[in-house]
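>>> what's the 3D shape of this:
(chains A and B)
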Amino acid sequence: MAKKSLIVKIIVLALALVLALLAGIEFWQLRHYKETIVASEDLTEVKWFSDYVPSLKNTWMDTPVFIFDSGVEGGTVFICGCPHPYEPASTMAAYLMIENLKVETGKVIIVPRANYSGSTEGMVGDAYPMFFHVSSDWGISKYRIGDRYTNPLDQWPDPFTYVNYPSGQNLAYQDIRNLNRTYPGRENGTLTERAAYAVMEIIRQEHVDIAIDMHEAEILYPVTSTYVAPSKVLDREKFLETGEMEYYEPEKSSLDVAMMAGMNISDQFLMKSAASPNTLHGLSHREWADWSDSLTFLMETPEIFIDKITGPRTEALMTEGKDEFLQKVTDKGLTYFPYDMEFGTPMWYRTGRHLTGALEVIFWASFFYPEMDCQVTWPTYLEMAELEEQGIDSVGYFLKDPNAPENKDRAFTIYYKPVGANYDKY
Amino acid sequence: MTTTTLTLILLIIMIAAFVLSSIKLKSPDISMAVAAVVLAIAGTIAVPALGSPVRYLVEGLFVNLDLALLFIAASIFVNIYSHSGAIAAITRMVVEKINNKWILLSIMGIMMLIPGALTGAGSVAIFVLGGLVNTVLEYLGISKKKRTVFICFFAMLSAACPPINLWTMLMTAQANMPYVGFTWLLLIPIVIAGAFTIIFIGWGAKPQSKEETLAKFPPKDPKLTWWRIVLPFVAIIALFLLALYDPWGLPVLGLPLMFLIAALVALLCNPKKTTAKQYLGILDDTMEQVFPLVANVLSIGVLQSAMAATGVRGLIGSTCVGLPLVLIYSLILVVGPICQGCFNYGVSIVLGGPLIFMFNTLGMDVTVICAALSLIFPLGDTLPPSRIVGRLACEETGYKESYIGFFKTLLIPMLVLGLMAVIMIIKPAAFAFLY
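Predicted coordinates for the structure are as follows:
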């Protein structure tokens, strides 16, 4: 009997080891997979988070910062992609911007993977696919879908409650690994807080006028399909002197710009505008405005995968967004987006929304405040919609082949440290 | 085939696998893992695009890893502390000094609330204080079943008790709300339900002879001075307070390490001569004791992952939030705890988040509703498949009779708390003054 029991235990242990090995191989593949992009010819400089916060060097939170300077005086725009890696249209939009950007006046700074560490693991317990694929004429590209949080391999353990710096506000414990809850960050804080601080330093040191944070949101969430921008900002001097948080209406209003942008694109897609609450801290649309002089905007596209209550969680669900359960709850009036599962929420649609959403903000900010004028172009929602009507994968259409001889000099591997000679040139 | 039909079939397969496995193996923990594997395989056959389930099943093991480590660390602390004779000394002192039954019950209730309030896990309250409370309640002449109910219910209350309520935290994180304003909304119903339970359990109980009870305790070790008894608790409380009030001055230690530090302090305060081999024996016994619970929380993570992947989670979540409001009011007290039994803390994401958004759409006060849901969900810790707290309470008191019998008695205080929470959900505006 004892011998039989021992044999059973050995078999179970061996099986567990095999499963661990098989899963481990997949975890390793996700962690170390390197995406490659081709920067547009307007690229002038590549920096890293560690140029702003040196202690991030050689950590999985370091990440490249692509700078496109027209050389002509104008506004500086900062675009943050992938603050939450499990919202992949944010990264895709940043990649399409970097690959196709033309800038005539001013400067554009793009971080395509702001939480690099978080992109190297999946959403634990949520059964996300590891990758999604995009077809182009020249082949198929593969991109990671990551986590909402920094990978615990890089930052662990969590506290029993997270206290945001410097507001002192209590947030959920796991938010200590959430880049968009740790702003304005701390130079000597946790890895995520240091990354948040690096973003703040980019905005401050590069004198950013317009800062845009790209996200995706569940359609059950009221702020989906929305610009979030502050109507009031913190009186920093008073806070630093007294610790008292008092807010005032700034001369330049992000919310006015967001509302104009939202109205102007309403014939293309629904984009609401919401004022950033003064009472919720750690988020980009609050803290970027409070701790810098830039106009700040957060954009949310509808992404049903985040809704959790979906059918089987396949790659197609992520890239096409067609789900019967979400249709049912939409029919009952419970969602904040006019969801139609015939159309879904495809990747091109969400990416295109970000591309046009950002351009609109830049246009209206330049219109209201001419000193911020930044003349920049990249593919738009309408261009992508037109291609889709012709049956062409519009995301793939605008991606460049990194292996084509004409692109080799501008191909960049996205990783937590420089890979390849091209980084040395910039 | 529609997604609804497909996922319904998968749900039936999962339940069948769990039931059959439970009958055959007599272990809910292994049965949950078996149900997860069967569901994942069936899901992959039905939806080949899901691919190999191995990764997400293994990923599921990490869902509750921190919780499992917390259980282990808290148990190590308690067993080392207990080995020094400190818990017996505290119990002896309590029985000696306090003569009033109601005061004694109230102190036990308040003490039970603290570990869960600080860690967010009711099971920790049982690990840390279950033995002590059981002894005191036995002295008070309370039956084994009622002792189990008292320990179980206060453990659930302690998990819901502020400052750390994990269900609230997870829902606020999902709904972009600060974790602020919940103290009184959670505490007042907990105090009312706790007071009711004390009366319910203590009513008619006749304390045993104090001398006879004291004679059962081991003789007090003269070397066990008051500071040796107090210091380990001072250490853990100091670490908590530092983490809470000086969060930027102290590196993030995490709850498991905090308990291990306290265990080290307890070890240093131990007046008995204890060899390294004896300590290894304590660690060995601790792992034996805590292993089923660790297996339980890890298994439920795997099941949760499989349910998410296959869309079974979506079926349950979308069906629940799609119910008419009247049905939600009527059923939340049943559906909420059942989902807790299935998803553990994941219920906040699967059911809590969508409900918060739904009530927000209706213009209702979601802070109050979030608190109310956070009072309802912990009640599911007594329900299968996991029934973590219920099982642990039974183990602590040695209650071996029918679980249903115990549950029927437990249902009375559960209903008191649950009904208060339902009223908060129906009329949230009336409670808004509490935050």
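>>> give me the element B:Phe343 is part of.
Using DSSP states H and E, B:Phe343 sits within helix B:325-343.
>>> for that helix, packing partners?
Contact here means 3 or more C-beta pairs under 8 Å, 6 or more residues apart in numbering or on different chains; DSSP states H and E; on that basis helix B:325-343 packs against helix B:276-310, helix B:312-321, helix B:347, helix B:366-376, helix B:403-426. C-beta here means a position set from N, CA and C on the backbone, and glycine is covered the same way.
>>> and whichever helix or strand comes after that helix, what's its mean pLDDT?
Heading C-terminal from helix B:325-343, the first helix or strand you meet, by DSSP H and E, is helix B:347. For helix B:347, mean pLDDT is 86.
>>> buried residues, the helix holding B:Phe343. List them.
Burial within helix B:325-343, assessed by neighbour count using 16 or more other C-beta atoms under 10 Å in any protein chain shown, is assigned to B:328, B:332-333, B:335-343.
>>> need those residues in a markdown table with pLDDT, can you?
Formatted as a markdown table, the buried residues of helix B:325-343 follow (pLDDT from 0 to 100):
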| residue | pLDDT |
| --- | --- |
| B:Ile328 | 92 |
| B:Ile332 | 94 |
| B:Leu333 | 94 |
| B:Val335 | 91 |
| B:Gly336 | 93 |
| B:Pro337 | 94 |
| B:Ile338 | 91 |
| B:Cys339 | 87 |
| B:Gln340 | 88 |
| B:Gly341 | 86 |
| B:Cys342 | 81 |
| B:Phe343 | 78 |
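>>> just the residues you listed now: which is nearest chain A?
B:Phe343 (9.2 Å; C-beta to the nearest C-beta).
>>> now do that closest one against B:Met169, distance only.
Using C-beta to C-beta, to the nearest Å, one obtains 15 Å as the distance from B:Phe343 to B:Met169.
>>> chain B contacts on the stretch 301-426 of chain A?
By C-beta under 8 Å from any C-beta of the partner chain, the residues of the stretch 301-426 of chain A that approach chain B are A:307-316, A:323-326, A:328-329, A:332-334, A:336.
>>> again, only this time at 7 Å
A:308-316, A:324-325, A:328-329, A:332, A:334 (C-beta under 7 Å from any C-beta of the partner chain).
>>> okay, which residue is most central for chain B?
Geometric centre of chain B, nearest residue: B:Gly122, 3.0 Å, by C-alpha atoms, centre = their mean.
>>> contact partners for that one?
B:116, B:155-156, B:158-159, B:378, B:381, B:389 (C-beta atoms under 7 Å, 6 or more residues apart in numbering or on different chains).
>>> so for it, what's the pLDDT?
Here the pLDDT value assigned to B:Gly122 is 90.
>>> can you report how many residues lie near the closest residue to A:Gly357 other than its chain neighbours?
Closest residue to A:Gly357 apart from its sequence neighbours, by C-beta to C-beta, 6 or more residues apart in numbering or on different chains: A:Met299 at 4.8 Å. A:Met299 has 28 neighbours, counted by other C-beta atoms under 10 Å in any protein chain shown.
>>> run through the bridge partners of A:Met299.
Per DSSP bridges, the residues bridged to A:Met299 are A:Met214, A:Tyr227.
>>> find the nearest non-adjacent residue to the residue of chain A found nearest chain B, please.
Of all residues in chain A, A:Pro157 sits closest to chain B, at 2.8 Å by C-beta to the nearest C-beta. Once flanking residues are discounted, A:Pro157 sits nearest to B:Gly254: 2.8 Å by C-beta to C-beta, 6+ apart.
>>> just B:Val58 next, same as before
Looking at B:Val58 with C-beta to C-beta, 6+ apart, the closest residue is A:Ala23, at 3.5 Å.
>>> just give me the longest helix of chain A.
The residue-count maximum for a helix in chain A (DSSP state H) belongs to helix A:2-32.
>>> quick revisit: just checking, the residue nearest to A:Gly357 touches A:Ala229?
No: the pair A:Met299 / A:Ala229 is not scored as a contact, 9.7 Å apart, by C-beta atoms under 7 Å.
>>> doesn't A:Asn115 lie inside a helix?
No: when classified by DSSP: H, G, I helix; E, B strand; the rest coil, A:Asn115 is found to be coil rather than part of a helix.
>>> what is the neighbour count of it?
A:Asn115 has 32 neighbouring residues, counting by other C-beta under 10 Å.
>>> you'd agree it is up against A:Tyr149?
No: if you go by C-beta under 7 Å, A:Asn115 and A:Tyr149 don't touch, sitting 8.1 Å apart.
>>> any buried residues in the helix or strand harbouring A:Glu241, and which?
Assigned by DSSP H and E, A:Glu241 falls within helix A:236-242. Neighbour counts using 16+ other C-beta under 10 Å place A:Phe239 of helix A:236-242 among the buried residues.
>>> can you give the distance of it from its chain's centre?
Relative to the centre of its chain, helix A:236-242 is centred 31 Å away, using C-alpha atoms, centre = their mean, to the nearest Å.
>>> returning to that earlier point: B:Val63: which of the buried residues of helix B:325-343 is nearest?
Looking at those and their distance to B:Val63, the nearest is B:Phe343, at 9.7 Å (C-beta to C-beta).
>>> sorry, back to before: redo the helices and strands packed on helix B:325-343 as JSON lines? Include mean neighbour count and distance to A:Ala275.
Listed next are the helices and strands packed on helix B:325-343 as JSON lines, based on neighbours: other C-beta atoms under 10 Å in any protein chain shown; distance: least, C-beta to C-beta, whole Å:
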{"stretch": "helix B:276-310", "mean neighbour count": "20", "distance to A:Ala275": "34"}
{"stretch": "helix B:312-321", "mean neighbour count": "26", "distance to A:Ala275": "27"}
{"stretch": "helix B:347", "mean neighbour count": "29", "distance to A:Ala275": "32"}
{"stretch": "helix B:366-376", "mean neighbour count": "27", "distance to A:Ala275": "18"}
{"stretch": "helix B:403-426", "mean neighbour count": "18", "distance to A:Ala275": "28"}
